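1. Take this sequence and fold it.
(2 chains)
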Amino acid sequence: MLILFIIKFIHLKFEGLHSLTGKQKQYTLNCSNLNNSNKGRKGMTEESPIIELKDLTKIYKDGTEFYALNNVNLRIKRGEFVAIVGPSGSGKSTLMHLIGLLDTPSSGTLLIDRNNVTKMSDKERSEMRNRMLGFIFQYHHLLPDFTALENVMMPLLIAGKTGKGARKIAEKLLKEVGLEDRMDHKPNELSGGQNQRVAVARALSCSPAIVLGDEPTGNLDTKSGDMIYELLRQLNKEYDQTFIVVTHNEDLASKADKIIRLVDGKITDQ
Amino acid sequence: MYELKIAIRQVFSRRRQTFLAVLAVSLAIAVITVMMAMLSGFQTELVQSTIENNPHIVIYPEHEGDFIHLYTYISTKIAEKQGVVAVSPKYLGQAALKYRDKAEGVSLQGVEPEAEDLVLRVNKDVVNGDFFALAHTRYGIVLGDKLAENLGVQPGDHVDAVFPGSKTTSFKVIGLTHTGTSADEITGYARLDSVQHFFNKPGVVSTIGIRVADPYLADNISSSIERETGLDAVSWKEANSEILSLLDTQMIFVNVFYAMIYGIAGFGIANTLITIVAQRTREIGILKAMGASQRSIMAIFIFQSVILGTIGLLLGTVLGYISTVMLQHYTIQVPPEMYLGLQTLPLELEPLNFVYASFFALIINIISGIYPARKAAKLDPVKAIESA
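-> This next block holds a predicted model:
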């Protein structure tokens, strides 16, 4: 019994390694060439949206049924900077989690880059999160045991990049967010604004097609917040990535290409 | 392998937690290796003392109550066999010894002193007088020291041997033996021809004792003797089969005990990992958001369990080694009647025991890591990230 279990485990491990090496090629392709392919495809993909929601519904069953999202239909174009606004409990975060593949819808379909992601396995969803999506949370959520540089390298390492290659990309990104002197500091040695900039660099490290920000400036003072926002806007223009940002700040939202207003799980205005 | 990198970093960032988890494994290994050293020591000592204090093979007459005839010829033939070191024919008889107003039963052993000493190392137990002096003392006797004490005789005194139908014969006490066992109360050695004469059985013996070069080949030699002579030859293994099977039975209980200790250590590791998973919930969520698959999350925690286990195992091995060596410096006295005649409990350092203990500890570690690792892998990323 025990031996069988161990054999099964080793087999699983082996399978895992095997598929990882298989993945690697795909990843390096996506991780290093996505910027180019994005630009190359710009003309032809203007028609097809990078994100498409069809009747997307999310129901939480916690004693009573609660419609966090109710038949939401939405199309977001490649390279758009979208702000999602709405009162607390309107479904903003749920929408972010669904688009970010961190949660699954109760019904409806979600297409990312024309792939139906609602039917994907955990492995496929993980891969997609890694190469297509970058997250910036309200709190920086950096790994506390790792330096700024290592945190930015992490998505690249998950993608199967070598340490050397990952380091080069991470150093370049940290330079872009103005933290070249702080690379070897751990999160507890950096200020809130600095940590959030590291988080931005981390979200961008795999050159994702879509960057998701859940109140990325919500926990910062106005000055740092504006700075992060400007940084995002600048990166959006520079790399033609799609940005979707949840915010309470109407001022910031007004600078976006598109504003989506959510009330009670429904889009009221876009 | 970023999973390993994360595992190493997480294990070493919380030193105290790591230390406590490691301690559970190391103590388990230390206890088990010391136990193993005691058991190995006990078994080795038991076998050693059995081999040392008994003839490796004893030849008995074909039929119970009968005697071995032509023993000189048979002894010579056996002595020529390969692997046989010494052969000692012996006449055994029960009689009474009388000295003044005291009388004690005696197991009178008629032996050829030189041969008997080669088989059973009798002379080293002689505390007073000389065993080999029997060879040139027609009616000399070497008594167990307890027997002599009970009779109140000293070397140089004469005791009377009494047996129904035999002529009462006077033997001169020329030595005392001390083995530390109950044999000291009943044993008396005399010359083979004197004893044969006393019991009126000239030309026969009761048994022939044999010492062989390699005690573990005693079985082969004894069966070949049986084939060739038609007599009943019993090796020390056969004679002590009950004790040897008792040792096997004991091993079952000991293994159950080991399993329980490992179980406790395993729960210790599992508990630590569950705590680590709980503390790292948000980080697990973040890793998932970055694209770490369930399998990778699982690998991170299995690695942590293996790292903790390996450190614990190394520490435990060192701890077990030091404890064993320290205990070896003490003489552990035990009551011989409870320990099959052993007076001390020695510890034996057996390198293979450390390998076994470590191997099983590592297996237990991996198994203990599976549940917490699965728990981590199955975490809902949204809830994990939002957790405080």
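
2. Beyond the worst-scoring helix or strand of chain A on mean pLDDT, next helix or strand please.
-> Using mean pLDDT, DSSP states H and E, helix A:2-45 stands out as the lowest-scoring helix or strand of chain A, at a mean of 42. On the C-terminal side of helix A:2-45, the nearest following helix or strand under DSSP states H and E is strand A:51-62.

3. Tell me where the model's unsure across chain A.
-> A:1-47, A:270 (pLDDT under 70).

4. Geometric centre of chain A: which residue is closest?
-> If you average the C-alpha coordinates of chain A and look for the closest C-alpha using Cα atoms, centre = their mean, you land on A:G134, 2.6 Å from that point.

5. The one helix or strand that one maps to: what's the following helix or strand?
-> Per DSSP H and E: A:G134 is located in strand A:133-136. Following strand A:133-136 in sequence order, the next helix or strand is helix A:148-158 (DSSP H and E).

6. Touching that following helix from outside, list them.
-> A:31, A:130, A:134, A:142-143, A:146, A:163, A:165-167, A:169-171, A:173-174, A:179, A:182-187, A:190, A:194, A:198-199, A:201-202, A:205-206, B:2, B:5, B:287, B:290-292, B:296 (Cβ atoms under 8 Å, 6 or more residues apart in numbering or on different chains). C-beta: built from backbone N, CA, C; applies to glycine.

7. Next step: these restricted to helices.
-> Here DSSP state H is the test, and those give A:31, A:130, A:163, A:165-167, A:169-171, A:173-174, A:194, A:198-199, A:201-202, B:2, B:5, B:287, B:296 as lying in helices.

8. Narrow these to those that are buried.
-> A:31, A:130, A:165-167, A:169-171, A:173-174, A:194, A:198-199, A:201-202, B:2, B:5, B:287, B:296 (16 or more other Cβ atoms under 10 Å in any protein chain shown).

9. Tell me the spacing between B:E149 and chain A.
-> Applying Cβ to the nearest Cβ, to the nearest Å, the value for B:E149 to chain A is 59 Å.

10. Next, the buried residues of the strand ranked longest in chain B.
-> Taking DSSP state E as the criterion, chain B has its longest strand at strand B:84-99. Buried residues in strand B:84-99, counted by 16+ other Cβ under 10 Å: B:84, B:86-91, B:93, B:95-99.

11. again with stretch B:258-265
-> Of the residues in stretch B:258-265, those buried under the neighbour-count criterion (16+ other Cβ under 10 Å) are B:258, B:261-262, B:265.

12. do stretch B:116-124 as well
-> The neighbour-count check on stretch B:116-124 (16+ other Cβ under 10 Å) flags B:116-120, B:122-123 as buried.

13. Pipe those residues into JSON lines and attach secondary structure, pLDDT and distance to A:K266 per row.
-> Rendered in JSON lines, the data for the buried residues of stretch B:116-124 read as follows (DSSP: H, G, I helix; E, B strand; the rest coil; pLDDT from 0 to 100; distance: Cβ to Cβ, whole Å):
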{"residue": "B:E116", "secondary structure": "helix", "pLDDT": "93", "distance to A:K266": "107"}
{"residue": "B:D117", "secondary structure": "helix", "pLDDT": "93", "distance to A:K266": "107"}
{"residue": "B:L118", "secondary structure": "helix", "pLDDT": "91", "distance to A:K266": "105"}
{"residue": "B:V119", "secondary structure": "helix", "pLDDT": "91", "distance to A:K266": "103"}
{"residue": "B:L120", "secondary structure": "helix", "pLDDT": "89", "distance to A:K266": "102"}
{"residue": "B:V122", "secondary structure": "coil", "pLDDT": "88", "distance to A:K266": "105"}
{"residue": "B:N123", "secondary structure": "helix", "pLDDT": "88", "distance to A:K266": "107"}
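
14. Helices along chain B, start to end?
-> Under the criterion DSSP H, chain B contains helices at B:2-13, B:15-53, B:71-79, B:113-120, B:145-151, B:192-198, B:218-229, B:236-239, B:241-279, B:281-289, B:294-328, B:351-377, B:381-386.

15. contacts for the fourth one?
-> This means helix B:113-120. By Cβ under 8 Å, 6+ apart, the list of residues contacting helix B:113-120 from outside reads B:53-55, B:85-90, B:109, B:122-123, B:131-132, B:134-135, B:189, B:191, B:209-211.

16. again, but for the first one
-> The list of residues contacting helix B:2-13 from outside it, by Cβ under 8 Å, 6+ apart, reads A:143-146, A:154, A:157-158, B:18, B:276, B:280, B:287, B:296, B:299-301, B:303-304, B:307-308.

17. what's the offset of that helix from the middle of its chain?
-> The gap between where helix B:2-13 is centred and where its chain is centred comes out at 45 Å by Cα atoms, centre = their mean, to the nearest Å.

18. That helix vs helix B:294-328, what angle?
-> With axes from the mean of the first three to the mean of the last three Cα atoms, to 10 degrees applied, the angle from helix B:2-13 to helix B:294-328 works out at 50 degrees.

19. what angle do helix B:2-13 and helix B:241-279 make?
-> Computed with the same axes, to 10 degrees, the direction of helix B:2-13 lies at 90 degrees from that of helix B:241-279.

20. before we move on, back to that, are any of the contacts of helix B:2-13 buried, and which?
-> Among the contacts of helix B:2-13, the ones that count as buried by 16+ other Cβ under 10 Å are A:143, A:145-146, A:154, A:157-158, B:18, B:276, B:280, B:287, B:296, B:299-301, B:303-304, B:307-308.

21. Tell me which residues touch the residue nearest to the centre of chain A, please.
-> Taking Cβ under 8 Å, 6+ apart as the contact definition, A:G134 lies against A:155, A:202-206, A:208, A:210-212.

22. nearest residue to it other than its sequence neighbours?
-> What sits nearest to A:G134 in space, not counting adjacent residues and going by Cβ to Cβ, 6 or more residues apart in numbering or on different chains, is A:A203, at 3.4 Å.

23. isn't the one you found right up against A:F135?
-> Yes - the pair A:A203 and A:F135 passes the contact test of Cβ atoms under 8 Å, sitting 5.6 Å apart.

24. Find residues that contact each of these two.
-> Going by Cβ under 8 Å, 6+ apart, residues that sit against A:A203 and also against A:F135 are A:211-213.

25. tell me the SS of A:R261?
-> The three-state assignment at A:R261 reads strand, by DSSP: H, G, I helix; E, B strand; the rest coil.

26. Run through the bridge partners of it.
-> The bridge-partner assignment for A:R261, based on DSSP bridges, gives A:V85, A:D269.

27. for it, what are its contacts?
-> Applying Cβ under 8 Å, 6+ apart, one finds that A:R261 lies in contact with A:85-86, A:267-270.
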